[in-house]
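Prediction below, plus the sequence it came from.
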Amino acid sequence: MAILNPILTPRRYLTVVLVTVISLHYFLSTSSTEYGHLTSFGTLKEQMHLTSVTTNTSTIALAEPYNHSTALQPVHNNNDTHFSHGRRANATFVFLCRNSDLNGVVSSIVSMEDRFNRAYSYPWVFLNDEEFTEEFKQRVRVLTDAPMSFGVIPREHWVQPDWIDENRARQGRMKLMNQRVIYGGSIPYRNMCRFNSGFFFQHELLQPYRYYWRVEPNVKFFCGLDYDPFLYMEEHDKVYSFTISLLEHQPTVPTLWDSVKEFISEYPYFIEPENAMNFISDDGGEKYNLCHWWSNFEIADMDFWRGEAYTKFFEFLEAKGGFYYERWGDAPVHSIAAALFARKDQIHFFRDIGYRHEDFQHCPSGIQWSAGRCACDPKDTFDYSQASCLPRFEGLFQ
């Protein structure tokens, strides 16, 4: 101590003691829960909500959404920790896929996490018509610390109903196969279209959530986002959004519009006065112009699908059997419903979200392309191609 005396003047000695006490206090408050609750450090920790997000939750355990706060929350992604604004929407990603889609699923998750979700950690819900394998779960769980749940689709929501006349359905499939229509002879594809049209939002794993972002295998998200599209939907009263719009194959929906007109005649009070009819019809509703929003990308409000208008609409279409007698897709069904039952200003084009699903893509341009550090060629975009319906959508607001 004699050696230290010349160095430790009274003022310096007091400083050393003070630093030592504060350091010890911080160590105890952060390492001991009981001690922390009795100190200001413990209170600050609770105010900042500095708790780890539970990850990779199994099937039913994820049935409760996050308790969103307005504080900053840490999002842990492998070796990095990023802070994002704590208020998030009651939302999830929905991924309908099979075990055999694994490599494409991995690619899509990596793209989404890299470009958006690594800063938000929104949960993922995977749905399959059979149990996911342990290999599948293991391969996708290592890609993110965002919670994941895995569900099986109820048989009655997936398989062709018993009341469908199989002879008539087979004739319809053969007709489309002869016309070389994609998926013309596929029953599983029809199962998928029917499930996405009327049942996915009823699945038990999705009941806690309001908004969803649909993701499919082998899709690409080209641009970084510095905001939350889910919160944009919520704060701007949007119910449906898209990135690509195009024409449907007419042979797959020959009687769909006749059924829609029947529904309008029977339930005129469901039609929104400020609707987007002019997007789906060029003559005030007499004929369907085949325009639809491509539903392999959609961010939407499941409460809209769960509402009375859409519930009645789907039940009406289901009774017609067109999902199996023809090949009604969920894209035209969703599009027609959104165009008729929502205000046109409740439908949103995410112009700044670069996206690709073979064989089409949307790539932003100008300042949105550079701000998003987009990996796509801005000249390679479907927006104003001959078969694009985007000009019709934009015309709704001119």
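Happy to help now that I have it.

and the residue nearest the centre of the chain, helix, strand or coil?
With distances taken as Cα atoms, centre = their mean, residue 213 lies nearest the centre of the chain, 0.7 Å away. Under DSSP: H, G, I helix; E, B strand; the rest coil, residue 213 falls in the strand class.

ok, so what distance separates it from residue 103?
In this view, residue 213 and residue 103 are 21 Å apart by Cβ to Cβ, to the nearest Å. Quick note: C-beta positions are derived from backbone N, CA and C, even for glycine.

hmm, back to that, residues contacting the residue nearest to the centre of the chain?
91-94, 122, 229-230, 298-299 (Cβ atoms under 8 Å, 6 or more residues apart in numbering).

quick one: which of those is nearest to residue 331?
Residue 331 has its nearest neighbour among the contacts of residue 213 in residue 298, at 8.7 Å by Cβ to Cβ.

what's the closest one sitting at in phi/psi?
With angles defined as degrees, to the nearest 10, residue 298 shows backbone torsions of phi -160, psi 140.

same thing with the one 3 residues further on?
Summarising the backbone geometry of residue 301 under the convention degrees, to the nearest 10, its torsions are phi -100, psi 110.

Next: residue 109.
phi -60, psi -50.

right, and it touches residue 140 too?
Yes. Between residue 109 and residue 140 there is a contact at 6.1 Å, judged by Cβ atoms under 8 Å.

where along the stretch 251-398 of the chain do the strands fall?
Ranges of strands in the stretch 251-398 of the chain, per DSSP state E, counting those that start in this stretch, are 291-293, 299-301, 347-349, 355-357, 360-362.

contacts for the fourth one?
Contact partners of strand 355-357, identified using Cβ under 8 Å, 6+ apart, comprise 216, 218-222, 243-244, 294, 296-297, 361-362, 376.

any chance of those in CSV, plus neighbour count and distance to residue 203?
Below are these laid out as CSV (neighbours: other Cβ atoms under 10 Å; distance: Cβ to Cβ, whole Å):
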residue, neighbour count, distance to residue 203
216, 17, 17
218, 15, 23
219, 19, 21
220, 18, 26
221, 26, 24
222, 22, 29
243, 29, 24
244, 25, 25
294, 22, 22
296, 18, 18
297, 22, 20
361, 20, 29
362, 28, 28
376, 21, 32
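
Relative to residue 114, which of these is nearest.
Of all the contacts of strand 355-357, residue 221 has the smallest distance to residue 114: 7.9 Å, by Cβ to Cβ.

where does the protein have its least confident helix or strand?
Sorting the helices and strands of the chain by mean pLDDT, DSSP states H and E puts helix 40-48 at the bottom, at a mean of 31.

burial measure for the residue nearest to residue 183 when sequence neighbours are not counted, as a count.
Spatial nearest neighbour of residue 183, chain neighbours left out: residue 189 (4.0 Å); criterion: Cβ to Cβ, 6 or more residues apart in numbering. For residue 189, the count of nearby residues is 14 (other Cβ atoms under 10 Å).

cool, and residue 295?
Neighbours around residue 295, by other Cβ under 10 Å: 22.

is it true that it touches residue 330?
Yes. At 5.4 Å, residue 295 counts as touching residue 330 under the criterion of Cβ under 8 Å.

gap between stretch 109-124 and the chain center?
11 Å (Cα atoms, centre = their mean, to the nearest Å).

Please write out the alpha-carbon positions of that stretch in CSV.
Only the C-alpha atoms of stretch 109-124 are listed here, as CSV (Å, rounded to 0.1, in the frame of the first residue of the first chain):
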residue,chain,number,x,y,z
ILE,A,109,-37.0,-17.9,-45.9
VAL,A,110,-33.4,-16.7,-46.3
SER,A,111,-34.6,-14.1,-48.8
MET,A,112,-37.3,-12.8,-46.5
GLU,A,113,-35.2,-12.8,-43.4
ASP,A,114,-32.3,-11.0,-45.1
ARG,A,115,-34.5,-8.3,-46.7
PHE,A,116,-37.0,-7.7,-43.9
ASN,A,117,-37.7,-10.0,-41.0
ARG,A,118,-34.2,-10.1,-39.4
ALA,A,119,-35.1,-6.7,-37.9
TYR,A,120,-38.6,-7.6,-36.8
SER,A,121,-38.8,-11.4,-36.0
TYR,A,122,-42.4,-11.9,-37.1
PRO,A,123,-43.4,-15.5,-36.6
TRP,A,124,-43.7,-18.1,-39.3
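
returning to what we had before: just name the most buried of the strands of the stretch 251-398 of the chain.
strand 291-293 (a mean of 27; mean count of other Cβ atoms under 10 Å).

tell me, what's touching residue 295 and residue 330 both at once?
Shared contacts of residue 295 and residue 330, counting by Cβ under 8 Å, 6+ apart, come down to residue 196.

Between strand 211-215 and the one helix or strand residue 190 maps to, find me the angle.
Using DSSP states H and E, residue 190 sits within helix 187-198. Between the axes of helix 187-198 and strand 211-215, defined by axes from the mean of the first three to the mean of the last three Cα atoms, to 10 degrees, the angle is 160 degrees.

Report all helices and strands that helix 187-198 contacts.
Counting contacts by 3 or more Cβ pairs under 8 Å, 6 or more residues apart in numbering; DSSP states H and E, helix 187-198 packs against strand 91-96, helix 308-320, helix 322-325, helix 330-341.

ok and the longest one relative to helix 187-198, angle-wise?
Between helix 308-320 and helix 187-198, the angle formed by their directions is 150 degrees, by the same axes, to 10 degrees.

Need the contact partners of helix 308-320.
Helix 308-320 is contacted from outside by 194, 197-198, 255-256, 259, 262-263, 266-267, 270, 304, 323, 328, 333, 337, 341, using Cβ under 8 Å, 6+ apart.

before we move on, back to that, please identify every residue contacting each of residue 109 and residue 140.
Residues touching both residue 109 and residue 140 (Cβ under 8 Å, 6+ apart): residue 124.
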